[in-house]
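following is a predicted model, sequence given first.
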Amino acid sequence: MQAEPGQPMKMAWPTVFLDQWVWIRFAAVATGRSRDPDDARAYDEVRQASAEGVVFALSATRYEETGRIRDPRQRQDIADVVAPISELRSLRVHNDLVEHQIKIALHEILGRPTFRPSPLQVIGVGAHWSFTGVNAFHRVFDARDKVVDTIDGSWLRQVAQYTEYRLFAGPVDSELPALEKRGYVDPRQLEASATSRLEQERALATQFGSRSDPSATVLRFLQVRELWGTHGKMLARIAQEYGVPGRAIMPDPNARTPFARDAAEFMERIPTTHLMAQLKHGIYRQRREWTWNMLRDIESMSVAIPYTDVVVMDKDAVDLATRVGAPTRFNTTVIARMGELIDVLPDLRKDVNADAEEPPGWERLGPRAPFQLDLPRSLEPEEVPIGAQLRLVGDDGEIIHSPRTPGL
């Protein structure tokens, strides 16, 4: 099926994005702290849907929101339900998705590149994928820096899953002193920065304070900021690569009508940045106080709504998305209640194509099996050569990290 102009293709697997509140309530069910029958039923239905092939995708914001929780026990409880259901599959990093959308828009409007860009791999696994767009897996290297290909794939799979699971859960209090010596910073400290994403929105709200009603011109300003302000270097590189004249895609602030037709249409064909601008414009129109929760909801929806089939958010976020027409534009079900999630799951399970290729996961390391939360066994001396190391390696073969991981 061909996508609408500016709309990315949906993926081959029915895909759901769950907001943090859903995972928190699932954790309450799993630990016996919830008495809500809808929560319990939804938890069971989601686990069954996951087992049948429905993808429950995370994103970078899910890592951020879990990481900022102070109580290690609560983070652990959340990780205990997130990991088996999602298998820590995640949507690709925001920048990569926008770059692909830019190339599609240039092709649709200007015919440059000449051929429509190939579909992008949107789903991957682990934190590295969420934040960098690179799949990274553990491999054992010998003392000569060669991959030891005799290591049991099931063991490698368990090492990778356990490491990612522990990373999602975050450190316990006793681990913090050592981590801080190595550069670890509490996520809440980063949020308090005067140059944080939240403070930027608050500063802009102050600038808009004199306006009785932010106009369409303000929306255009937000579009330019989200596209050029955030991705300007990338966009300039792509334009140069494909010989795209700047006047066709960049508004001229000195012109009487700065938003030329081509430039305006181009911005509207970048779904993620256009939707983010629309959602933020809605907040400015309502003159609401900016919060981290609100900002992360917008960042999540700007990626999840274009690419997934069902998005579950809180009521305010769903209302905001509905006001700008996002569910209709992207043919995405955007809901706010557990009961609604229960209602949509049967159709999603029917949409699983048994003949389709499985979504990217852990199979490249070892045979498919339920997600493992347990610490892997230690390898026997005869299984590994002397001086072997466990390293995190990207798809391109680049060594990302050589951790001292238990089990080798």
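Sure thing, it's come through.

beta partners for Val393?
Phe137, Ile399 (DSSP bridges).

next, count neighbours for it.
Val393: 19 surrounding residues under other C-beta atoms under 10 Å. No exception for glycine: its C-beta is placed from N, CA and C like everyone else's.

got the confidence number for it?
Looking at Val393, its pLDDT reads 91.

for it, give me its contacts.
136-139, 399-400 (C-beta atoms under 8 Å, 6 or more residues apart in numbering).

can you list these in JSON lines and add neighbour count?
Formatted as JSON lines, the contacts of Val393 follow (neighbours: other C-beta atoms under 10 Å):
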{"residue": "Ala136", "neighbour count": "23"}
{"residue": "Phe137", "neighbour count": "22"}
{"residue": "His138", "neighbour count": "25"}
{"residue": "Arg139", "neighbour count": "20"}
{"residue": "Ile399", "neighbour count": "14"}
{"residue": "Ile400", "neighbour count": "14"}
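
quick one, strands of the stretch 301-408 of the chain?
310-312, 333-335, 389-394, 399-401 (DSSP state E, counting those that start in this stretch).

between the contacts of Val393, which is nearest Thr163?
Thr163 lies nearest to His138 out of the contacts of Val393, by C-beta to C-beta, at 6.9 Å.

what sits against Leu88?
Leu88 sits in contact with 58, 82, 125-126, 161, 164-165, 168, 371, where contact means C-beta under 8 Å, 6+ apart.

Val303 and Leu91 touch, don't they?
Yes. Val303 lies in contact with Leu91 (C-beta atoms under 8 Å); the separation is 5.5 Å.

and for those two, which residues touch both?
Counting by C-beta under 8 Å, 6+ apart, the residues touching both Val303 and Leu91 are 59, 97.

now do the helices in the stretch 1-150 of the chain.
Under the criterion DSSP state H, counting those that start in this stretch, helices of the stretch 1-150 of the chain are mapped to 20-30, 37-52, 60-67, 72-86, 94-110, 126-132.

mind putting those into TSV with mean neighbour count and distance to Arg288?
Listed next are these as TSV, based on neighbours: other C-beta atoms under 10 Å; distance: least, C-beta to C-beta, whole Å:
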stretch	mean neighbour count	distance to Arg288
helix 20-30	20	19
helix 37-52	17	28
helix 60-67	21	19
helix 72-86	20	27
helix 94-110	20	23
helix 126-132	21	28
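
ramachandran coordinates for the residue positioned nearest the centre of the chain?
Centroid-nearest residue in the chain, with C-alpha atoms, centre = their mean: Ser59, separated by 2.3 Å. The phi/psi pair for Ser59 (degrees, to the nearest 10) reads phi -160, psi 180.

report pLDDT for it.
96.

with Val134 instead?
91.

from Ile399, how far out is the residue of the chain positioned farthest from its centre?
The centre of the chain is farthest from one residue, Glu382, which by C-alpha atoms, centre = their mean lies 40.5 Å away. From Glu382 over to Ile399 the distance is 25 Å, taken as C-beta to C-beta, to the nearest Å.

same check on Ser130?
20 Å.

any stretches of this protein with poor pLDDT?
Applying pLDDT under 70 to the chain flags residues 1-8, 210-214, 251-262, 401-408.

let's see that with 50 instead.
Residue ranges of the chain with pLDDT under 50: 1-4, 6, 256-258, 405-407.

how close does Arg247 get to Thr114?
Taking C-beta to C-beta, one finds Arg247 at 21 Å from Thr114.

now do Lys350
39 Å.

for Phe131, give its distance to Ala49.
27 Å.

measure how buried Asp396 is and give me the count.
Per other C-beta under 10 Å, the neighbour tally for Asp396 reads 7.

ok, it - contacts?
So Asp396 contacts Val134 (C-beta under 8 Å, 6+ apart).

quick check: it vs Arg337, distance?
Computed with C-beta to C-beta, the distance linking Asp396 and Arg337 is 43 Å.

reformat the helices of the stretch 1-150 of the chain as a markdown table; add distance to Arg225.
A markdown table is the format used below for these (distance: least, C-beta to C-beta, whole Å):
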| stretch | distance to Arg225 |
| --- | --- |
| helix 20-30 | 26 |
| helix 37-52 | 37 |
| helix 60-67 | 20 |
| helix 72-86 | 32 |
| helix 94-110 | 13 |
| helix 126-132 | 22 |
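
and of those helices, who's closest to Met313?
helix 20-30 (8.5 Å).

list the buried residues for stretch 325-334?
326-327, 329-330, 332-334 (16 or more other C-beta atoms under 10 Å).

contacting residues around it?
So stretch 325-334 is in contact with 4, 7, 10, 271, 275, 278-279, 301, 305-306, 308-311, 313, 318, 321-322, 344, going by C-beta under 8 Å, 6+ apart.

could I have the buried ones of those as ChimeraX selection syntax?
Filtering these down to the buried ones (16+ other C-beta under 10 Å) takes a single ChimeraX command:
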select :7,10,271,275,278,279,301,305,306,308,309,310,311,313,318,321,344
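
restricted to helices, list the contacts of stretch 325-334.
271, 275, 278-279, 301, 305-306, 318, 321-322, 344 (DSSP state H).

one step back: quick one: closest of the helices of the stretch 1-150 of the chain to His231.
helix 94-110 (5.6 Å).

what count of nearby residues applies to Gln240?
Counted with other C-beta under 10 Å, residues neighbouring Gln240 total 10.

what about dumping the CA coordinates of the helix or strand where it lies to PDB?
Per DSSP states H and E: Gln240 is located in helix 230-242. In PDB, the C-alpha atoms belonging to helix 230-242 read as follows (Å, rounded to 0.1, in the frame of the first residue of the first chain):
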ATOM      1  CA  THR A 230      17.000  21.000  15.200                       C
ATOM      2  CA  HIS A 231      18.000  19.300  11.900                       C
ATOM      3  CA  GLY A 232      19.500  22.200   9.900                       C
ATOM      4  CA  LYS A 233      22.900  20.700   9.400                       C
ATOM      5  CA  MET A 234      21.400  17.400   8.300                       C
ATOM      6  CA  LEU A 235      19.000  19.100   5.900                       C
ATOM      7  CA  ALA A 236      21.800  21.300   4.400                       C
ATOM      8  CA  ARG A 237      23.900  18.200   3.800                       C
ATOM      9  CA  ILE A 238      21.000  16.300   2.100                       C
ATOM     10  CA  ALA A 239      20.100  19.400   0.000                       C
ATOM     11  CA  GLN A 240      23.800  19.600  -1.200                       C
ATOM     12  CA  GLU A 241      24.000  15.900  -1.900                       C
ATOM     13  CA  TYR A 242      20.900  16.000  -4.100                       C
END
